[in-house]
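A.B. asks: give the three-dimensional model of this entry:
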Amino acid sequence: MSSTFLIRLIRLFTTLIFQVLVFNNIHLFGYITPLVIGYMLVCFHHNTSRTGLLVWGFVTGILFDIFSNTAGMASAACTLMAMLQPTILNLFAPRDASEDFTPSFLSMGFFNYLTYVLILMFLLHGVFYLLDAFTLVEWSLTIMAIFGGTILTTLIIIFIELLVRSKKRKK
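C.D. replies: As a prediction, this is how the structure comes out:
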C-alpha cells in the first residue's frame, strides 16, 4: 500500500469522523451547516488521475451519505466536485508547478488558495443544498445555506490548513 493512499485514507476517515460527529451538529441560524468533508477533495495532488479522483469523490460522498442519511446528495456533490477539481486547480496553480504539486496556501499563495477553496466549496454546497431543497419555493433559505455554508466551510478549511502546514513547517 503506497504512502499516498494511506494518507488519503487517514484524511478521509478523519474528516468523515469530524463531519459526522461535530460539523453535522452545527446549524448557524438554523440553516448554515459546514460540509468540511470537501477538504478531502481539495487536498488532491496535481497529477492525480481523473478516474482516481472520481472514485475518491464518490466514496467520500457515499460514506458521508451513509452516516448522515442524506440519500445520495453528498455523493452527487462530491463526485461533481472531484470531476471539476483538476480544472479549477489548473486555474490557480503556479505555471511552473511540479507533477506532485499539492495545493496549499504555501505553494499557491494565500489569495489563490483562498479563491480555489471558495470555488470548490461553493460548488459542493450549491449542488448539495439545491438537491436538498429540490425546489425554489424557499429559495432565499437555500441561497443563505449555500453562501453561508461556503463561507463557514472555507474559514474552517483555512484554519485546518494553517494548523497542518504550521506543524509541517516546524519539523
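A.B. asks: what is the neighbour count of T51?
C.D. replies: T51 is flanked by 8 other residues according to other CB atoms under 10 Å. In this view, the C-beta of every residue, glycine as well, is placed from N, C-alpha and C.
A.B. asks: next, N47: phi, psi?
C.D. replies: phi -100, psi 10 (degrees, to the nearest 10).
A.B. asks: can you give me the helices in the protein?
C.D. replies: Counting by DSSP state H, one finds helices in the chain at the ranges 3-21, 39-42, 50-68, 73-92, 105-108, 110-133, 139-170.
A.B. asks: contacts for the fourth one, please.
C.D. replies: Pointing back at helix 73-92 there. With CB atoms under 8 Å, 6 or more residues apart in numbering as the test, helix 73-92 has contacts from 35, 37-38, 41-42, 44, 46, 48, 50, 53-54, 56-58, 60-62, 64-65, 68, 103, 108, 112-113, 115-116, 119-120, 123-125, 127-128, 131-132.
A.B. asks: so how do I select the buried members of those in ChimeraX?
C.D. replies: A single ChimeraX command selects the buried members of these (16 or more other CB atoms under 10 Å):
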select :35,37,38,41,42,44,46,48,53,54,56,57,58,60,61,64,65,68,103,108,112,113,115,116,119,120,123,124,125,127,128,131,132
